[in-house]
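Enquirer: Sequence first, then the predicted structure, then my questions.
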Amino acid sequence: MGKRVLITGLGTFWGGRVAQDLEADPSVDVIVGLDRHDPRVPLERTEFVRTDESYSILARIVKAARIDTIVHTFLVVDSTQMSSRQMHEINTIGTMNLFAAASAPDTTVRSVVVKSSTLVYGSHPRDPVWFSESSRRAEQPRSTVERTLLAVEGYVRDFAVDNPHVAVAVLRFSNVLGPDVSTPIASLLTRPLVPTILGFDPRFQFVHEADVVRAIRFALDSGLAGTYNVAGDGLLPWSEVIDICGKRPFPLSPIGTELLALPLGRLGVDLPRELLDLLRHGRGVDNRKLKAAGFDYRFTSAGAVDDFARSMRVRHLTAAGPEYRYERDVEQFFRHSPAVVHDD
Amino acid sequence: MPEAPSSRRRRPTAAAVEPGAEVATVTALEDRRDAEGRSTELVPVPGSAEPLADPRRSDIDEWGRSERMRQLARTLYGPVYERWHRVEWEGLDKLPTEGGALLVANHAGAIPSDAPVIMHGIESELGRPVYGLADEVFKRLPVVGVLWSRVGGVLAHPDNAYRLLREQEQLALVFPEGTKGTGKPFQERYQLRRFGRGGYVEIAMRSGVPIYPIAVVGAEEAMPTLWSSARLARALGIPYVPLTANMLVFAGLGPLGAVVPLPAKIRVRVLDPVTFDVPPDQPRYSRSRIMEASEAIRAQIQEALLDMLRARQSVWFG
């Protein structure tokens, strides 16, 4: 019997990507995707359920579809997209409900993959150059996104302790760059002038978007359990990142930077608190644990930046393509109408 | 380069966490074995290790060190080292030409000359890099922090030290007195402060490297602290705000006068290495062994300092 997978956050970039990837795998029988918003990528056989992540609905879906694998990608790590309250609802409350639903007495869930972020380590002058999975934060989180992600990992950890028969993998992804994904850092780098903090040149680490999807697949296929950092090899200074992207630095005052960030936000240059910390102190994570588990990366940190820079040069040519739009009735027709001829 | 066993749990040592501080912990899930008892740590397939494209443009390494900047610093600092301080070494040949080692020295002067003297001396004589482990203050300051890391400064964090010493087999320099040594008034010169909490001994034990104690004479006189304001330091969030003799002597140079050292003769003596017969990579080491070793090293350096001072006839000419 094949896998029966539940993907949370199907409408997000990662949920869509993982669903597309899983659809190509014949050993996956059923893919159910949840989100409040329509999927943004065309999907063949994934069943989309538009729902908020309330407990009762999740519990019914998990039970009715005999879900055995959960891919939790519905975690917001980009705080520029929504308010703190919304982020709390999605990250903290959504995760709480999901894992409550997955731990019902007669649960069929056997494997869980959570897409977390290295934001949980924070960014502080007292940080080691490389965080290992067991390193501690230097200080309490100041930003909502970091707080909610720590809460999320807390719920996941409780779930793992209460359900020792379930393989729970928490993947902490570093800053993601790639041709398609949009992140706060990527949007800074698309501008001709890239903000820096005067007198600071922190080291950055990146993971390529392709390696993100591959890492999630790897965790699913190998039944990975435990917490793993996912980040490309090497650290490179922010000045070099700007250089590879062919942009020029725009230094901000090191004093009162957060005040400066407010008017810049009005101009469309979003510098949330966690990004300002990163621009000051940087962050590196040790990626050797996942490598030791058998995962091989396709991109180093510098390689991810380079690939992003290449795609940026032709972005104005490729962005004009027709965008996929989810039409409920059409999708229902393709999936369920006897008129549609399936090859198998 | 020995591969660290990935199952090793790095325990944050006391040095990393302030006592009583409430710190949010990032806790990792324990490794698990799957239903068949198969370890989830798989061995990488041999042959798949084709090097990835790594289009770097600068020579800044993971520690923030740049060999080009280091070269520039050596060129600029060379005359200061040779003509101004006329540095002389004793026992430089004791230092290892390969393998990791922790160098431990006394620390003095409001802007301590001992750090650049030791780093410059070893790098130019032995031709191997020295990473200076320093307080987080450096990383908080704009410009200074970047320059410091470009010339080989690294935050003194147990994880950083372990990686440098055990995994990369480098030389690391540490001043266990920290800012207590550099912030002390001139009247208390050459009286060693507490050597931290002995964290440096624990790091050497865990990394399985020897400690080379180093005694430096002359740095105290290169920038003597006449008076310092605790209140101003607290307000600015830095360890001390001193009034140095240099500020008065070089008052004509303006703000530059505050950073120019006096031309004291600097002598450096490398003492016999201290090794520990404990296995590396342990999660904990006996507190008493650590403190015992730390006290012994401190006494050794203090004794060497007194010995060197007895032989010194002039602060300026040695």
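Expert: That came through, no problem.
Enquirer: All the strands of the stretch 151-300 of chain A, residue numbers only.
Expert: In the stretch 151-300 of chain A, the strands defined using DSSP state E, counting those that start in this stretch lie at A:167-173, A:175-177, A:193-197, A:203-204, A:206-208, A:226-230, A:236-237, A:248-252.
Enquirer: For the second one, which outside residues touch it?
Expert: The reference is to strand A:175-177. Under the criterion C-beta atoms under 8 Å, 6 or more residues apart in numbering or on different chains, residues A:118, A:183, A:185-186, A:189, A:204-209, A:212, A:278, A:304-305, A:307-308 lie in contact with strand A:175-177. In this view, the C-beta of every residue, glycine as well, is placed from N, C-alpha and C.
Enquirer: just how off-centre is it within its chain?
Expert: Averaging C-alpha positions (C-alpha atoms, centre = their mean, to the nearest Å) puts strand A:175-177 9 Å from its chain's average.
Enquirer: where do the helices sit along the stretch 51-200 of chain B?
Expert: In the stretch 51-200 of chain B, the segments counted as helices under DSSP state H, counting those that start in this stretch are B:67-79, B:114-126, B:137-140, B:144-150, B:158-162, B:179-182, B:199-207.
Enquirer: Next, see if the fifth one gets close to chain A.
Expert: Yes. Judged by C-beta under 8 Å from any C-beta of the partner chain, helix B:158-162 comes into contact with chain A through B:Pro158, B:Asp159, B:Asn160.
Enquirer: hang on, isn't A:Met96 packed against A:Tyr155?
Expert: Yes. With the criterion set as C-beta atoms under 8 Å, A:Met96 and A:Tyr155 qualify as a contacting pair; they are 5.3 Å apart.
Enquirer: got the CA positions of the helix-or-strand element of chain B with minimal mean pLDDT in PDB?
Expert: Every helix and strand of chain B was ranked by mean pLDDT, DSSP states H and E. The lowest is helix B:137-140, at a mean of 84. Extracted C-alpha coordinates of helix B:137-140, given in PDB (Å, rounded to 0.1, in the frame of the first residue of the first chain):
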ATOM      1  CA  VAL B 137      32.100  43.400  22.300                       C
ATOM      2  CA  PHE B 138      34.100  43.300  19.100                       C
ATOM      3  CA  LYS B 139      31.100  41.900  17.200                       C
ATOM      4  CA  ARG B 140      28.800  44.600  18.500                       C
END
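Enquirer: before we move on, back to that, looking at the helices of the stretch 51-200 of chain B, which is buried most?
Expert: Relative to the other members of the helices of the stretch 51-200 of chain B, helix B:199-207 carries the highest mean neighbour count by mean count of other C-beta atoms under 10 Å in any protein chain shown, namely a mean of 26.
Enquirer: In space, what's closest to B:Gly181 - neighbours in sequence excluded?
Expert: Closest residue to B:Gly181 in three dimensions, ignoring its sequence neighbours and counting by C-beta to C-beta, 6 or more residues apart in numbering or on different chains: B:His107, at 3.6 Å.
Enquirer: same question, A:Glu139
Expert: Setting aside the residues directly before and after it, A:Glu139 is nearest to A:His124 in space (C-beta to C-beta, 6+ apart), at 5.5 Å.
Enquirer: neighbours around the one you found, how many?
Expert: Counted with other C-beta atoms under 10 Å in any protein chain shown, the burial measure for A:His124 works out to 17 neighbours.
Enquirer: go on, A:Ile244?
Expert: The criterion is other C-beta under 10 Å. On that basis, A:Ile244 has 20 neighbouring residues.
Enquirer: Just list the residues touching it, thanks.
Expert: Going by C-beta under 8 Å, 6+ apart, A:Ile244 touches A:Ala302, A:Val305, A:Asp306, A:Ala309, B:Pro55, B:Arg57.
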